[in-house]
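Enquirer: Test case, fold it:
(2 chains)
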Amino acid sequence: MTLLLVLPIVIPLLTAAVTLLAHGSPRTQRTVPVAGALGLLVAGVLLLWTVERQGILVLQLGNWPAPFGITLVADLFSALMVAVTGLIGAAVAVYSLVAIDETRERFGYHPLLHALLASVCGAFLTGDLFNLYVWFEVMLMASFVLLALGGGRPQIEGAMKYVTLNLVASAFFLAAVGILYGAAGSLNMADLAVKLENGSAPGVTTVVAMLFLVAFGIKAGVFPLFFWLPASYHTPPVVISALFAGLLTKVGVYALIRVFTLLFVHDVGYTHTLILVIAGLTMITGVLGAVSQNDFRRILSFHIVSQIGYMVMGLGLFTRLALAGSVFYIVHHIIVKTNLFLVSGVVDRLRGTLQLSSLGGLYESRPLLAGLFLVPALSLAGLPPFSGFFAKLALIHAGFEAEQYLIVGVALAVGLLTLVSMMKIWAEAFWKPLPPDAPETPVQGGLSLMVGPIAVLATFTVLIGLGAGPLFEISMRAADQLMDREGYIRAVLGDGS
Amino acid sequence: MELLLAVVVGGLYAGGIYLMLRRSIVKIIFGLALLGHAANLLIFTSAGLTRGRAPLIPVSGSVAGGTLADPLPQAVILTAIVISFGVVAFALVLFRRGWQAAETDDPDVLRITET
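Expert: Next comes the predicted model:
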């Protein structure tokens, strides 16, 4: 059964290798990635199912016992993330069949996509801090190339900002790992959790915690470290934006939640209050940035930032319900955000622009697409009966329980502003008549392969909304596992420790 | 020795950050490289320095005795060096393309994605 832990990493890596070898055969280059992504989805769902039934799964690579070798760990949170990654990977792989031009395909778009998926799954599954760093670097490298691939000046400029700031984050991460190793003498997360608890220098631990907060904060895009995100996410082809928007920042959030529930819980009053303040500011700045934008994708990019605030808010509150809310929110958000970007890709294909002023009349000519936009858009704003409503409900409920009324007020106000900017896109792109000076409509074709994944993801959003119970129950149990550090430590190190 | 290395690490960080704050994309790359070196030396120093005691098991015995240098931070640094080499090489190529596309070395001019 522990083989399941390797599959989500091996399947995409193999897919990447095969597509790379099939360099000269466009047909193989198109079928293998879709099959590989579907395989990843199946592996993710199987992993989730197994972890749900058997508890935390642990694999000691090469049979080296825990603190010495590299450990792969899947608790419910990791398994949920891997399953959602599979879903997004499959949607994006199908969508790419028509959305990616031949030049980018020739320069290795498909292998890069799968290298990215492998590294994201690796980051979710590893139980070793330095191994996490390596997966982060693999992810960065794949994302660098995807972002810059075949681009003109805007894409290169966006990539330069993205590369620079993410490399700074990596330097912080590496320094934090080094100091932590010097202080505690281990890199295995479970072992570190034990050693930090018995450690005698809480001051050093807090400093290291802040270094991790900065490093993961840059990758997650929290206030005030998010500036690379709206400067770069709208420059590459839409499907690449969609993949990044769904997965990359969420890996940062995952890492934050992991280290601040497992390692740095010695001074919750300081660290987690700071995280809560950051969460509030992230929500506000993100949503205000979005309201002031006039480009479809730039609005969505700023909304990534504001939504990250909600996920981090659950971590800041640090109660069982709040963490469950965060987990639920991440799952909901990955699906919804990717879907919104994918919709913007269809709009781009239909009209050749994403400037809201040049768009219009899409409700009249494409009512189905308009409906498929409304589902994730309303879900993002948190309207019932979609998934976002229940995610926000859990977080706000947790906020009331923890008596943090200010952050609850902020979360509600930001939800309202999110609705405003979603309605702005709706009114400008879909509702108003097409302006007479709009550019010529470019060639259309292959739209069904683009709309298909959108419809599937929208169905998931509706299903999560209508049947929120089961997913929320899993989220609650994932939160239980996150709060129960002893359980994690015992699973990794064995009963002897 | 620790003190000397601590000063060197501090100097590398200061130099790296100073270079990154200059208005030149070439200096940003040099700054990034310096930050990477600083982080590597930081790991090396903070993990503890042991001089002249390689972690080798002697031919005669089965266990290495006494105080030994910790091999793990060196393995970590080796990995980090390889990664930062690749990343800096990529950044160089990317920034060269950026220079060709924008024909400027001034990052303040690179604003067309932010309006």
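
Enquirer: which parts of chain B sit against chain A?
Expert: In this structure, chain B approaches chain A at residues B:20, B:25, B:28, B:32, B:35-36, B:38-40, B:42-48, B:72-73, B:76, B:79-80, B:83, B:86-87, B:90-91, B:94-95, B:97-98, B:101-102, B:107, B:110, B:112-114, judged by Cβ under 8 Å from any Cβ of the partner chain. For glycine as for every other residue, the C-beta is placed from the backbone atoms N, C-alpha and C.

Enquirer: and with 6 Å instead?
Expert: B:28, B:32, B:35, B:39, B:42-43, B:46-47, B:76, B:80, B:83, B:91, B:94, B:97-98, B:101, B:110, B:112-114 (Cβ under 6 Å from any Cβ of the partner chain).

Enquirer: Restricted to helices, list those.
Expert: Residues of those located in helices (DSSP state H): B:28, B:32, B:35, B:39, B:42-43, B:46, B:76, B:80, B:83, B:91, B:94, B:97-98, B:101.

Enquirer: Please name the nearest non-neighbouring residue to the residue of the stretch 351-497 of chain A found nearest chain B.
Expert: Relative to chain B, the nearest point of the stretch 351-497 of chain A is residue A:355 (12.0 Å; Cβ to the nearest Cβ). Once flanking residues are discounted, residue A:355 sits nearest to residue A:295: 5.8 Å by Cβ to Cβ, 6 or more residues apart in numbering or on different chains.

Enquirer: What backbone torsions are found at the one you found?
Expert: For residue A:295, the backbone dihedrals (degrees, to the nearest 10) come out as phi -120, psi 130.

Enquirer: Next, count neighbours for it.
Expert: 16 (other Cβ atoms under 10 Å in any protein chain shown).

Enquirer: Model confidence at it, what's the number?
Expert: Among the per-residue scores, residue A:295 holds a pLDDT of 87.

Enquirer: try residue B:1
Expert: In this model, residue B:1 carries a pLDDT of 82.

Enquirer: quick one: contacts for it?
Expert: Neighbour list for residue B:1: residue B:49 [criterion: Cβ atoms under 6 Å, 6 or more residues apart in numbering or on different chains].

Enquirer: Could you check how far it is from chain A?
Expert: Distance of residue B:1 to chain A, computed by Cβ to the nearest Cβ, to the nearest Å: 15 Å.

Enquirer: Report whether the helix or strand that contains residue A:123 contacts chain B.
Expert: Per DSSP states H and E, residue A:123 falls inside helix A:109-125. No - if you take Cβ under 6 Å from any Cβ as the test, helix A:109-125 misses chain B, and the best it gets is 12.3 Å.

Enquirer: Could you give the average pLDDT over that helix?
Expert: The pLDDT scores in helix A:109-125 average 94.

Enquirer: Which residues does it contact?
Expert: The set of residues external to helix A:109-125 that reach it, using Cβ under 6 Å, 6+ apart, is A:8-9, A:12-13, A:15-16, A:19-20, A:29, A:33, A:36, A:72, A:74, A:78, A:81-82, A:85, A:89, A:100, A:132, A:135, A:138-139, A:142, A:145-146, A:247, A:251.

Enquirer: about what we covered before: and the residue of the stretch 351-497 of chain A closest to chain B, how many neighbours?
Expert: Neighbourhood size, residue A:355 [other Cβ under 10 Å]: 15.

Enquirer: List phi and psi for it.
Expert: Phi and psi for residue A:355, reported as degrees, to the nearest 10, are phi -70, psi 120.

Enquirer: any idea how far residue A:149 is from it?
Expert: 23 Å (Cβ to Cβ, to the nearest Å).

Enquirer: Is the residue of chain A most remote from its centre part of a helix or strand, or is it coil?
Expert: Most distant residue from the mean C-alpha position of chain A: residue A:436, 38.8 Å away (Cα atoms, centre = their mean). When classified by DSSP: H, G, I helix; E, B strand; the rest coil, residue A:436 comes out as coil.

Enquirer: Same question for residue A:73.
Expert: Going by three-state DSSP, the secondary structure assigned to residue A:73 is strand.

Enquirer: pretty sure it is touching residue A:127, no?
Expert: Yes - checked against Cβ atoms under 6 Å, the pair residue A:73 and residue A:127 is within contact range at 3.8 Å.

Enquirer: Give me the common contacts of these two.
Expert: Contacts common to residue A:73 and residue A:127, judged by Cβ under 6 Å, 6+ apart, are residue A:492.

Enquirer: the more surrounded of those two?
Expert: residue A:127 (28 against 23).

Enquirer: residues touching the more buried one, list them.
Expert: Contacts for residue A:127 (Cβ under 6 Å, 6+ apart) come out as A:71, A:73, A:189, A:492.

Enquirer: which secondary structure elements does the helix or strand encompassing the last one contact?
Expert: Spelled out, that is residue A:492. Assigned by DSSP H and E, residue A:492 belongs to helix A:485-493. The contact analysis (3 or more Cβ pairs under 6 Å, 6 or more residues apart in numbering or on different chains; DSSP states H and E) places helix A:485-493 against helix A:189-198.

Enquirer: what about the helix it packs on, average pLDDT?
Expert: 87.

Enquirer: Run the angle between that helix and helix A:485-493 for me.
Expert: Between the axes of helix A:189-198 and helix A:485-493, defined by axes from the mean of the first three to the mean of the last three Cα atoms, to 10 degrees, the angle is 130 degrees.

Enquirer: any idea how far helix A:189-198 is from the chain center?
Expert: Here helix A:189-198 is found 27 Å from its chain centre; the criterion is Cα atoms, centre = their mean, to the nearest Å.

Enquirer: same check, this time on stretch A:304-312
Expert: Here stretch A:304-312 is found 11 Å from its chain centre; the criterion is Cα atoms, centre = their mean.

Enquirer: what does it contact?
Expert: Here stretch A:304-312 makes contact (Cβ under 6 Å, 6+ apart) with A:220-222, A:226, A:245, A:249, A:253, A:279, A:282-283, A:286-287, A:326, A:329-330, A:333, A:414.

Enquirer: so where's the chain shaky on pLDDT?
Expert: I'll assume chain A. For chain A, the stretches with pLDDT under 70 are A:1, A:200, A:438-445, A:495-497.

Enquirer: that's the other chain; I wanted chain B
Expert: Within chain B, the segments meeting pLDDT under 70 span B:115.

Enquirer: Tell me the backbone dihedrals of the closest residue to residue B:95 other than its chain neighbours, please.
Expert: Excluding the flanking residues, the one nearest residue B:95 by Cβ to Cβ, 6+ apart is residue B:25, at 5.1 Å. Main-chain torsions, residue B:25, degrees, to the nearest 10: phi -70, psi -20.

Enquirer: didn't residue B:25 look like it was pressed against residue B:96?
Expert: No - contact criterion Cβ under 6 Å: residue B:25 and residue B:96 do not qualify, at 9.3 Å.

Enquirer: if you count what's nearby, which of those two comes out ahead?
Expert: Set residue B:25 next to residue B:96 and count neighbours by other Cβ under 10 Å: residue B:25 wins out with 22 against 14.

Enquirer: Show the secondary-structure elements that the helix or strand where residue A:10 lies is packed against.
Expert: In this structure, residue A:10 sits in helix A:7-21 according to DSSP H and E. Under the contact criterion of 3+ Cβ pairs under 6 Å, 6+ apart, helix A:7-21 touches helix A:26-54, helix A:109-125.

Enquirer: Could you identify which of those is most buried?
Expert: Most buried of these, by mean neighbour count (mean count of other Cβ atoms under 10 Å in any protein chain shown): helix A:109-125, with a mean of 27.

Enquirer: Next SSE downstream of that one?
Expert: helix A:129-148.

Enquirer: Now do that next one against helix A:7-21, angle only.
Expert: Between the axes of helix A:129-148 and helix A:7-21, defined by the same axes, to 10 degrees, the angle is 40 degrees.

Enquirer: does chain B sit close to helix A:129-148?
Expert: Yes - counting by Cβ under 6 Å from any Cβ, chain B has neighbours in helix A:129-148: A:130, A:137, A:148.

Enquirer: show me the contacts for whatever residue of the stretch 251-400 of chain A ends up closest to chain B.
Expert: Using Cβ to the nearest Cβ, the single residue of the stretch 251-400 of chain A nearest to chain B is residue A:298, 9.3 Å away. Residue A:298 makes contact with residue A:234 under the criterion Cβ under 6 Å, 6+ apart.
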